[in-house]
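Undergrad: kindly generate the corresponding structure for this input.
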Amino acid sequence: MKVDYKKDLNPEQHRVVTQADGPCLVLAGPGSGKTRTLTYRVAYLLENDIPAPNILLMTFTNKAANHMQHRLEVLLKTRPAGLWCGTFHHIGNRSIRPYIKHLGYREDYGILDEEDQRSLVKFCIKALKLNKGPAKLFPSASVLVSIISYSKNAAQSLEKTVLDKHPHLANFIEDIKKIARIYERRKKESNNLDYDDLLICWIKILKSVPAAKERFTRQFKYILVDEYQDTNRLQFDIVRLLSAHHKNILVVGDDAQSIYSFRAADINNILDFPARFKGTKIFKLETNYRSLGPVLNIANNIILKNERQFKKTLTGIRNDINAKPPFLTALNDIYAQALFVTQKVSELNRGGIPLHEIAVLYRAHYQSAELELQLIKQGVPYVIRGGVRFFEQAHVKDILSYLKIVQNPRDELSWIRALSLHPGIGYGYSQKVFKKTATSRLKMAESFYKEAAASVPKNAREGLGGFSNVLKKLTEPAVLERPDTMIREVLSNWYEEYMFATFEDADNRLEDIRELMNFAHSYKDLKEFLSDATLREDSRGEKSLGPSESEGGHLVLSTIHKAKGLEWKAVFIIGLCDGQFPHPKSLEEPLQLEEERRLFYVAVTRAKDRVYLTYPVSRFDYTYGIVASGPSLFLQELDGRCYEKEDIEQQPVYYNDF
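TA: You can find the predicted model right below:
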């Protein structure tokens, strides 16, 4: 029995499924059924005698590919044998293997995962002897892999990548180029490719191997691409090359949800699609099946200010005369915000909304710190989507380890953690230092360095000296017992340099540490601060919210980036204040500001029923003290009819209430 397309699809979806021949751009708003549309399009092609091996469907995740294949099997009541469906990298691997010998590799090549890449880069660093000497904090293998990968995916030089994304590493550009060259040579010598090579080699083969070009450009009569707004330059080139003969290329995406430029996603791929593919048909999926009218109304209003976009207006099919408008609440400070959100979440839960159907979203992870402590205090179970709790992050724990040493000189774990961060001092030497310096360590005596130096080799002594200098700073009378000042000293005397050499997202981590300083400012006692900062229940660092976890009933906390593609009945968006959202750096760059606005749009459209917007009217900044914190530029842009202000009676909330 054939599929009844008119019955199963709305008119917008039906037009795509039945009329999308030639170059086609499908602009799919959030909650508009894009996965359904793609699945039915493939089914329609199969039912109209297009052989499965002539259809290519590319996605961004294996989960999405498997989901579409499963839905297709259910729809057709059979498995379409020979259909090419998978991620770009999966299809690339499958395509290049028969032709890889033309690029100097054997057909039995291996594929390096991220850990393999880091290991190989470490070998390259060692071969060049670039990280010799503790004084020279050379970029970590993780940072170097990130730079090399971004450069490839953005199709730009290593030099430009370093200057644009890691300007603090400008002095290392020539060394980074050397490492990249050795890395490429060592991969080829060992007959290995990394993930990026799967795309690069695919492009090279399509351009330089006539047999491959002839085969694939003629075989794939219909090409479909999901989440096209997230494609990078390499993926655009692949789509262009593969569709050159039949020109039946259908891409589905939403320019208003393009938020991954930091991963080399290029919004121009979708914005310029009609110009790059002559004769493009443009379809719009604007019927939303997820959200109530008030949510869609504010979403439409948010995105109006973006100049570079395809205009869309979301309309919903869900009607509820009791639908509540989004509420905007200004709170006295971040502590009041945390208390308000916790109380409102509990109120919604008592009113019948399960905790797993409520999410709190934020621009940056550090904005969750005060909220997490309040949730723990009130006994509200929660999970962090795609990450760990604020105080359990590696860089936060690194900083706290120095403070814990001062508070408790017998804390062996903290000594080993802090010591091991310094060049030349590994786990083994850290243990030796701890055991050999019992007297001076416990007394924080001047003789500590002398005793410690005797237990490590010469090449570790400079790193040990750096560690000793940090300890001296922390135990000065003006610093001791002032948690915020202690954090500042660790950061400025060592850890900031370490972060930028070690973490690929050092800018974000630096923001976390600065927020930790702000948080610590209210504490006058180190012991009390460390007690609050290390509050524990069982760790709920979340993998993904599956059915079993959902039944457990946990509130979801997430950055907006991690929340894309998900939905909840009620969504809180916190920290919507000037200086935090949009990110201050974006105010100087119109294109970045538009991406920040798209981020706000994505956050709001995660909500099915209710949206709560909050911001603190004052906040502490370690540099400037207490500063007025007005509403976000994005809130100021909104039509006041899109939301209601919720004025609540607020009592002062202090750090020790947490």
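Undergrad: ramachandran angles for the residue nearest to I405 when sequence neighbours are not counted?
TA: Nearest residue to I405, sequence neighbours excluded (Cβ to Cβ, 6 or more residues apart in numbering): S414, at 5.1 Å. Yep, even glycine has a C-beta here, placed from its N, CA and C like the rest. When read as degrees, to the nearest 10, the backbone of S414 gives phi -70, psi -40.
Undergrad: burial count for S414?
TA: Here the count is done by other Cβ atoms under 10 Å, and S414 has 22 residues near it.
Undergrad: what do you get for I573?
TA: Residues lying near I573 (other Cβ under 10 Å) number 25.
Undergrad: longest strand of this structure, counting residues only.
TA: Across the chain, the longest stretch assigned as strand under DSSP state E is strand 607-616.
Undergrad: got the CA positions of it in CSV?
TA: Only the C-alpha atoms of strand 607-616 are listed here, as CSV (Å, rounded to 0.1, in the frame of the first residue of the first chain):
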residue,chain,number,x,y,z
ALA,A,607,9.8,25.9,25.0
LYS,A,608,6.5,24.2,24.3
ASP,A,609,4.2,26.0,26.7
ARG,A,610,6.0,28.6,28.9
VAL,A,611,9.0,30.9,28.8
TYR,A,612,10.5,32.7,31.8
LEU,A,613,13.1,35.4,31.1
THR,A,614,15.2,36.7,34.0
TYR,A,615,18.1,39.1,34.7
PRO,A,616,19.8,40.6,37.7
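Undergrad: please renumber so the chain begins at 30
TA: Right, with 30 as the first residue, what we last looked at is strand 636-645.
Undergrad: elements contacting the next helix or strand after it?
TA: The helix or strand immediately downstream of strand 636-645 is strand 647-650, counting by DSSP states H and E. Secondary-structure packing of strand 647-650 (3 or more Cβ pairs under 8 Å, 6 or more residues apart in numbering; DSSP states H and E): helix 535-549, strand 654-657.
Undergrad: if we go to 6 Å?
TA: On a contact count with 3 or more Cβ pairs under 6 Å, 6 or more residues apart in numbering; DSSP states H and E, strand 647-650 meets strand 654-657.
Undergrad: pLDDT on the strand it packs on, on average?
TA: The pLDDT scores in strand 654-657 average 79.
Undergrad: chain center to that strand, what's the gap?
TA: Remark: strand 654-657 is offset 29 Å from the chain centroid, using Cα atoms, centre = their mean, to the nearest Å.
Undergrad: same check on stretch 600-613?
TA: Counting by Cα atoms, centre = their mean, stretch 600-613 is centred 17 Å from the centre of its parent chain.
Undergrad: which stretches of the stretch 580-687 of the chain have low pLDDT?
TA: The model of the stretch 580-687 of the chain has pLDDT under 70 over residues 580-581, 651, 678-687.
Undergrad: what about the helices in it?
TA: For the stretch 580-687 of the chain, the helices defined by DSSP state H, counting those that start in this stretch occupy 589-592, 619-633, 662-666.
Undergrad: buried set for the second one?
TA: Think helix 619-633. If you call a residue buried by 16 or more other Cβ atoms under 10 Å, then helix 619-633 has these buried ones: L622, E623, E624, E625, R626, R627, L628, F629, Y630, V631, A632, V633.
Undergrad: ok, the residues you listed vs L357, which is closest?
TA: The closest of the buried residues of helix 619-633 to L357 turns out to be V633 (Cβ to Cβ; 11.9 Å).
Undergrad: I'd guessed that closest one sits against N326; true?
TA: No - under the criterion of Cβ atoms under 6 Å, V633 makes no contact with N326, lying 10.1 Å away.
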